[in-house]
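[1] my questions are about this predicted structure, shown below with the sequence.
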Amino acid sequence: MANKFQKTIIFSVTLLTLSFFIPTPFVLAIDYPTRPISLIIQFTPGTTTDIIARKLGDVVSKELRQPLVPINKTGGGGTIGVAEIIRSKPDGYTIGCINMPTLAIIPHMQTLPYDPLRDISHICVISPYEYGLYVKGDAPWNSLEEFIDYARKNPGKVTHGSPGPGTTNHLIMVRIGKDLNLDWRHVPYKGDGELIPAVLGGSVLSGVGSPAALMPHIKAGKLKLLVVTSKDRWSYFPEVPTLLEKGYTYFQASYLSLGAPAGTPEPIRQKLEDVIKKAIQDPALKKEFEEKIYAKLEYISGEEFKKFIGEQFLFYKDFLKTIGMTK
Amino acid sequence: MDILNFIFLGFKVGLQPVNLFYCFIGVLLGTLIGVLPGIGPVATISILLPITVKISPVSAIIMLAGIYYGAQYGGSTTSILVNIPGEASSVVTCLDGYQMARRGRAGPALGIAAIGSFIAGTLSLLGLTFLAYPFTNMALKFGPPEYFSLMVFALIILSYLAHGSMIKALIMAMFGLILSYVGMDIVTGRMRFTFNILDLSDGFGLVPLVMGLFGISEVLINIEQTLSREVFKTKIKNLLPTLKDWTTAKWAILRGTIIGFFLGILPGAGPVISSFVSYTVEKRVSKTPEKFGTGMIEGVAGPESANNASAQGAFIPLFTLGIPPNVTTAILLGALIIYGLQPGPLLIQDHPDFFWGVIVSMYIGNGMLLLLNLPMIPLWVQVLRVPYPILFPLILLFCLIGSYSLSNSTFDVFVMIFFGIVGYLMRKFNYEGAPLVMAFVLGPLLEQNLRRSLIISGGSFSIFMTRPISAITLIIAFLLLLSTFITNMRKKKPSSEEVI
């Protein structure tokens, strides 16, 4: 009868429609990815972060058999890109680069539209941001001790520059200064593009920068590295010691990691972590990154990194309060 | 002589057919995007970056550089034709260029812009070739106090930008300064006037602001006035500058080149500031300053030369130090790194074939641009004949797309629209946009360098006078201010005597 037939159709269509709403996370991970993935990069094209992300993206695209499409969303020291990641649908088709300050430091300085501890599903760390303290090539100091000695003898005269207020480059020098009771002054610049000429020209006595930014100048003798502020010595200048080696109990810890919006299904996140881990642990790729763009690839699991971020968040909360930089 | 050998080497590289091809593509693309409002070299170069890894580094940089300085050529076209700046550095060209177009002299305006750009580009390239190192050393001596004094000087001559009421121009300048301080405070890291809007943490973008203030407002004004507006009747024969134009403009071109070249080297300054400074200098040295704003050819020749010279000048710190003075050269720097060429003090030594090849191709590129732009003038002039109801929606479309393309940000589009409305209101009440833009650009440089200088000096203001370059700049600025007073007082004197 027509009525029964209609009822059957309605029933089947309803059932079919409802079936679309059944979440199937486990099925997803096996087919994932089935279309291109957006890779949000929070810095402008040409910066070290951007180059790392794009190169890694190429490698991972081959492995996943779907392209990783880089999209630059710049501004706010990385916060705009990170906010974009968090805003996106947690379906595994949008991931992005995160620099640690956007989660551990900047939230204490300004009101952000995201919760840095809960809104990100961390995939893994891909690279530590390496830094070192440098001075002009013909400056009279050849080691950290000599520089600190000079600062002690000339309170208020030593200036240290940074690529911006609230960057780890700025804060590490503040921390050392407080620890040793030094009266040295911070001069803020906008990026290495302004800071390095300032040190070269003598307007500011020291700066803190990355291997990529400093390499050509150190090689040409225009700048010299006094001490390495990251955890390990730089492979490019193995004779320069680290802060840790000198007896300091801390170092300038900052990382470039990949993240997805919170709520991204765990199997997808795990798959991404596995693929990326494999890529960055490949010795050939590591060598290429080190030689061509002076970046070190290092894997830290998403789980571990989440803990680390939590710790750093609390540390900077107190630290920034003591120097008066909280909102 | 060593340099001649290098130049020969450069020709060998630059004249290879493949490099000529990429040079041509680069300058063609550059001109096109320079013409389109908003879509600038930054967006284009970033899009092309992944493609360029497939070709040799020299060819890639030749093409990307071509896009960069080509865009400076193209930017003046829309400024002159429809009063909408294609680039932030073409804002000043709108002032007199558009007026020339209204008087049927669009052709000469476009022509002198192209020729001036060519001369400026070539001359500053010569500077780059022979004077790269001494200039870099000089530029490095510019510390925060010197920058501050330079900005004070620039602000004082800003008053010359005013065409109408001086008070209104100053109000606009103050408004521009206030707008420029929205964003993060450089010393404390705190946000100012951002009302917790994340997109404002770096302040208002210059390009969306300029596009709105000049471009969108122009569209709005024209929508209002379409019915009563006459269509331009441009005579086809007056397409090239006359001999008279040439004699008037040639000194402007020379002055513009020098101003642009110097300001391009200083990190942070650049095509925008040079074009403004050149305009005010032209107005100051002219025998008829009151005619500026009505279609004086020097008002086009000077700034256009300045912004081209500045674009070429920006390559000096990029190649000699590996330090890019503005965003576009920063991307080129990234490109160099991707290609495995380490930019820095040793680049020229280690890779002379690369450096000289690029330099020579820039000469060639400038020549190509001139050949491209001059014959296109009749074509561009026809654009003026397109009826407004078709032309302006198209312009609006390009502006909307362009402002988004800057940083993939819808917020920039809103900024543009907002300033479009502000600009429209400003026009209705006869307030000028140029002083606002100049102050907006200078504001951060002024404030940041003042505070840096005071940190370095420990709070003492004497640092501005104890350093020679800074002291000289401030004294010149002060004398300039004084001379304006004296000129004004002289004007008033006779009338008071007459009264007696």
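    Yep, that arrived.
[2] same for the longest helix belonging to chain B, what does it pack against?
    Criterion DSSP state H: the longest helix present in chain B is helix B:106-140. When contacts are defined as 3 or more CB pairs under 8 Å, 6 or more residues apart in numbering or on different chains; DSSP states H and E, helix B:106-140 sits against helix A:192-201, helix B:2-14, helix B:57-82, helix B:91-102, helix B:243-265, helix B:298-313, helix B:315-320, helix B:352-383. Where C-beta positions appear, they are placed from N, C-alpha and C, glycine not excepted.
[3] now render those helices as TSV, adding distance to B:Tyr339 and mean neighbour count.
    Conversion of these to TSV gives the following (distance: least, CB to CB, whole Å; neighbours: other CB atoms under 10 Å in any protein chain shown):
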stretch	distance to B:Tyr339	mean neighbour count
helix A:192-201	20	23
helix B:2-14	15	15
helix B:57-82	4	28
helix B:91-102	34	26
helix B:243-265	24	22
helix B:298-313	21	34
helix B:315-320	14	24
helix B:352-383	9	20
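[4] quick check: longest strand of chain A.
    strand A:120-128 (DSSP state E).
[5] output the contacting helices and strands for that strand.
    So strand A:120-128, by 3+ CB pairs under 8 Å, 6+ apart, packs with helix A:48-64, helix A:79-87, strand A:255-261, helix A:266-280, strand A:300-301, helix A:302-322.
[6] in contact with A:Gly75, which residues?
    A:Gly81, B:Asp199, B:Ser201, B:Asp202, B:Ser407, B:Ser409 (CB atoms under 8 Å, 6 or more residues apart in numbering or on different chains).
[7] list the contacts for the fourth one?
    Right, the one you point to is B:Asp202. Counting by CB under 8 Å, 6+ apart, B:Asp202 has contacts A:Gly75, A:Gly76, B:Gly183, B:Met184.
[8] quick one, grab the pLDDT at it.
    Per-residue pLDDT puts B:Asp202 at 89.
[9] enumerate the residues of the stretch 151-300 of chain B near chain A.
    Within the stretch 151-300 of chain B, the positions near chain A by CB under 8 Å from any CB of the partner chain are B:184-191, B:196, B:198-199, B:201-202, B:267-268.
[10] farthest pair in these?
    Spatial extent of these (CB to CB) is set by the pair B:Asn196 and B:Pro267 at 31.4 Å.
[11] neighbour count: the two, which is higher?
    A direct count of neighbours by other CB atoms under 10 Å in any protein chain shown for B:Asn196 and B:Pro267 places B:Pro267 higher, at 25 against 12.
[12] distance of the residue nearest to B:Phe262 when sequence neighbours are not counted from A:Val240?
    Excluding its sequence neighbours, the residue lying closest to B:Phe262 (CB to CB, 6 or more residues apart in numbering or on different chains) is B:Gly313, at 7.2 Å. Per CB to CB, to the nearest Å, B:Gly313 is found 35 Å from A:Val240.
[13] each with direction, which strands does the longest strand of chain A pair with?
    Its sheet considered, strand A:120-128 pairs with strand A:255-261 (antiparallel), strand A:300-301 (antiparallel) by DSSP bridges.
[14] okay, now the unreliable bits of chain B?
    B:1-2, B:38, B:160-164, B:226-239, B:267-269, B:384, B:491-500 (pLDDT under 70).
[15] neighbours around A:Asp179, how many?
    The number of residues near A:Asp179, taken as other CB under 10 Å, comes to 11.
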